[in-house]
Structures are given as C-alpha cells and as structure tokens.
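Undergrad: need the 3D shape of this:
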Amino acid sequence: MDVFDLRNRLVDDYANYTRSFITIAEPRIKTYVEQQLQQGVLWPEPLLQLNPSFFPGGTIDDWVADGTLHPECARIFRINKTDVEVTGQPLQLHTGRGAEVARFFRAVLQTAQVPLSEKADAGTVQISLETPRALREALGRDEPFSGRFELPLAEGEVYLGRTSPMIEGLAGWTLDQALDPAARDPRAPRPVAARCGVIRTAAVQTRVTLLLARFRFHLRAAGAAGETLLCEEIAPLAATGSAAAPHWWSGEDSERLLAALPDSNLGQTLIDQQLALLSAALPAWQTALEAVSGEWAGVQREAHERVRQAAKTAGRVAIEPVLPLDILGAYLPLPVIRG
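TA: All right, here's what the predicted structure looks like:
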C-alpha cells in the first residue's frame with residue numbers, strides 16, 4: 001500500500017463530496033471559496049513525525065555489511081546529499097530490538113541495585129520489599145519474576161519487549177528520576193538518571209560537552225490556509241572547545257557518545273568542580289545551539305518537502321526556529337588519564 005496515494009485518494013473523495021452540495025451564485029464569493037478549497041483548507045497537509053523513544057540500531061550500511069539488506073540499499077538510503085557530497089551519509093536506524101531493550105533494562109536495574117540474574121537469554125528480577133515502592137509500581141510487581149527480551153517465551157515468563165507495560169513503566173520511572181529529585185529514593189547512593197553528569201571514558205580523547213537539545217520549529221506549508229504547525233526534535237549534540245567557539249561533532253558521532261561507559265573513577269571534588277563549570281556555561285551553550293538551529297530547520301524543511309513531493313502536494317514549506325530552545329541534558333565525557 002502506498003500511504004501517500006491513499007491520502008490523496010481520501011482527500012479527492014472528500015473534496016468531491018464537499019463540492020457536491022456547495023452551490024454559490026455570487027461570483028466573487030464563489031471564486032474565493034474555490035481558491036480556499038484548492039489550497040486545502042478542509043484537509044491537513046501530510047505530516048512526518050519521528051518517535052524519539054527508539055534506540056540507535058546501527059546504520060543501513062551496517063545491515064548491508066552483515067548481509068541483512070541488499071547491497072543496493074546502501075546506495076539508495078542516504079541522507080544529507082548535497083551538490084558537493086553527492087553520495088550523502090549513511091542513514092541511522094532506530095530500533096526496539098531485544099538487545100537494545102535488554103541493555104536498557106540491565107543498566108537501570110544495576111544502577112537501582114535490584115538483583116538480576118540471567119540464564120539462556122532469560123532474566124530473573126529479584127523484587128522484594130527492599131525495592132523502592134515507586135519502582136515496584138512501575139514494574140507492576142511486588143515479587144520476583146522471570147522475563148525474556150525475545151519471543152517465544154517459556155512457561156511463566158513475561159515478555160520484555162520495547163512496548164511491553166513493564167519496559168514502558170521502567171522507562172517512565174527512569175525519566176522521573178532525572179526530572180524530579182523528589183521522586184528519587186533517598187536511600188540510594190546515587191540517582192538512577194540525571195540531567196547532568198561527568199564521566200571519564202575511553203570514548204573521547206579530549207574534554208567534550210554533550211548536550212541533549214530540544215529544537216522546536218514553526219512550519220507553514222503553502223496551501224495550508226495559514227495553518228502553522230509546531231514541530232519538535234530532540235537530538236544529542238557533542239562539541240569540543242568552548243561555547244564561544246565550539247567544534248560540533250557529527251550527529252552520528254554525537255549519538256554514539258550517548259552510549260559511552262565510564263572507564264575510570266572520579267573524585268567527588270572533581271565532579272563538583274566540573275559540574276559547576278558546566279552549569280555556569282549553559283547560557284553560553286544555549287546561545288551556541290541557537291546559532292545552529294537554522295541548520296536544523298533546513299533539515300526539517302527538506303524532510304517535509306520530500307514528504308510533500310512523495311504525496312504529490314504542490315507548494316513549498318517555510319520553517320523557522322522557535323527560540324529559546326531547551327537543553328534537556330548536559331554531560332561532560334572526560335578522557336581517561338593514562339599512566
């Protein structure tokens with residue numbers, strides 16, 4: 001099924017039905033009404049949306065390399081093609097496969113100090129009264145249970161897929177830990193998630209600032225009778241250097257840095273010092289992000305115009321950033337000191 005063709009047929013049917021009972025004698029009014037109908041006043045433009053809750057799952061090139069996809073896919077599915085870079089860049093996939101869900105599940109339970117034992121691709125979670133009440137409510141369990149991240153299930157096991165109630169509940173609980181300090185367990189030695197942090201990791205060779213930014217745009221499509229849409233995109237952006245002169249990493253490298261693990265301990269004094277410097281620099285980093293928001297608006301415009309072209313919808317799209325943008329998270333990956 002071609003979803004764009006389906007949309008066009010539905011719009012045409014609705015347009016014909018609407019016109020069937022509109023009879024206007026006055027020429028100027030008739031002309032105005034016809035213009036409005038032609039511009040699509042009674043039906044919305046196609047809207048492209050992405051679900052930010054998926055995990056990075058490699059690129060099209062990765063799937064071609066391991067034989068999952070046909071080699072031609074690596075040539076066809078590319079992004080950011082320009083007159084200079086005609087081949088573009090690999091398309092990043094986002095998946096909810098069992099391996100990514102399992103990684104999230106293990107990381108959260110380990111940080112929350114909830115025992116998890118694994119055997120033959122299945123896991124047993126030792127829920128007890130010592131487990132924080134809010135976490136037990138999020139999981140919907142007050143006693144130990146066994147689960148599996150891939151089908152089929154053995155008797156007595158629960159499915160722990162990306163859209164399962166347990167995983168959704170655990171994700172919501174984790175987000176609450178980051179956004180609301182009052183939701184954290186006061187007995188826990190450290191928060192399960194935070195909007196600000198520092199680690200030493202082998203993933204970087206120099207001090208890097210990693211920001212989780214929410215871009216918002218006003219989108220106005222030609223023929224939409226003046227309708228303005230609000231679009232949002234949440235993206236990680238990493239940079240070296242200062243906020244006054246940042247050297248931005250590529251989107252792929254920035255996203256990969258989100259999965260970086262600590263490789264060395266940090267003293268509390270150094271953590272406090274680095275977080276204080278980062279906090280003081282956030283207004284400057286917000287200004288730096290606003291300077292590149294126009295580039296992100298251009299990417300959004302190109303995506304919507306591709307959808308409109310596929311849907312055979314005439315007209316162009318105007319898009320502008322909504323400022324100030326939001327910094328949802330700020331992190332400092334520091335290099336490991338050797339020797």
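Undergrad: Glu290 and Leu277, how far apart?
TA: 21 Å (C-beta to C-beta, to the nearest Å). C-beta: built from backbone N, CA, C; applies to glycine.
Undergrad: how about the strands in this structure?
TA: 55-59, 78-79, 89-90, 92-95, 116-119, 122-125, 145-148, 158-159, 196-201, 209-221, 228-240, 247-248, 317-321, 326-335 (DSSP state E).
Undergrad: make a markdown table out of the ones you listed and add distance to Ile24, mean neighbour count and mean pLDDT.
TA: As requested, the strands of the chain are exported to a markdown table (distance: least, C-beta to C-beta, whole Å; neighbours: other C-beta atoms under 10 Å; pLDDT from 0 to 100):
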| stretch | distance to Ile24 | mean neighbour count | mean pLDDT |
| --- | --- | --- | --- |
| strand 55-59 | 54 | 16 | 64 |
| strand 78-79 | 47 | 16 | 76 |
| strand 89-90 | 52 | 16 | 78 |
| strand 92-95 | 49 | 15 | 65 |
| strand 116-119 | 69 | 11 | 88 |
| strand 122-125 | 67 | 18 | 89 |
| strand 145-148 | 63 | 20 | 93 |
| strand 158-159 | 58 | 17 | 90 |
| strand 196-201 | 61 | 18 | 94 |
| strand 209-221 | 26 | 19 | 89 |
| strand 228-240 | 28 | 17 | 88 |
| strand 247-248 | 55 | 13 | 96 |
| strand 317-321 | 31 | 18 | 85 |
| strand 326-335 | 47 | 18 | 94 |
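Undergrad: can you put these in TSV and add distance to Ala25?
TA: Below are the strands of the chain laid out as TSV (distance: least, C-beta to C-beta, whole Å):
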stretch	distance to Ala25
strand 55-59	60
strand 78-79	52
strand 89-90	57
strand 92-95	55
strand 116-119	75
strand 122-125	73
strand 145-148	69
strand 158-159	64
strand 196-201	67
strand 209-221	32
strand 228-240	34
strand 247-248	61
strand 317-321	36
strand 326-335	53
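Undergrad: quick revisit: compare Glu290 and Leu277 (neighbour count), which wins?
TA: Glu290 (15 against 11; other C-beta atoms under 10 Å).
Undergrad: setting aside sequence neighbours, what's the nearest residue to the more buried one?
TA: Leaving aside its chain neighbours, Glu290 sits nearest to Leu323 (5.5 Å; criterion: C-beta to C-beta, 6 or more residues apart in numbering).
Undergrad: same question, Gly88
TA: Gly88's closest residue in space is Arg78 (C-beta to C-beta, 6+ apart), at 3.3 Å.
Undergrad: that neighbour bridge partners, please.
TA: Pro90 (DSSP bridges).
Undergrad: was I right about it contacting Gln89?
TA: Yes: contact criterion C-beta atoms under 8 Å: Arg78 and Gln89 qualify, at 6.4 Å.
Undergrad: sorry, back to before: number of nearby residues for the residue nearest to Glu290?
TA: With other C-beta under 10 Å as criterion, Leu323 counts 12.
Undergrad: can you check Val336 too?
TA: Val336 has 14 nearby residues by other C-beta under 10 Å.
Undergrad: quick one: it from Ala238, how far?
TA: Where Ala238 is concerned, Val336 sits at a distance of 17 Å (C-beta to C-beta).
Undergrad: for Arg103, same thing?
TA: In terms of C-beta to C-beta, Arg103 sits 20 Å off from Ala238.
Undergrad: what mean pLDDT does stretch 288-301 get?
TA: What stretch 288-301 shows for mean pLDDT is 86.
Undergrad: try stretch 16-25
TA: 76.
Undergrad: list of residues touching that stretch?
TA: Stretch 16-25 has contacts (C-beta atoms under 8 Å, 6 or more residues apart in numbering) with 30, 33, 37, 42.
Undergrad: so for the residues you listed, which is the shakiest by pLDDT?
TA: Leu42 (70).
Undergrad: is that one in contact with Tyr14, as I believe?
TA: Yes: Leu42 lies in contact with Tyr14 (C-beta under 8 Å); the separation is 7.1 Å.
Undergrad: could you measure from the closest residue to Glu232 other than its chain neighbours over to Val322?
TA: Counting by C-beta to C-beta, 6+ apart, Glu232 lies nearest to Arg216, which is 5.2 Å off, once chain neighbours are set aside. To Val322, Arg216 is 4 Å away according to C-beta to C-beta.
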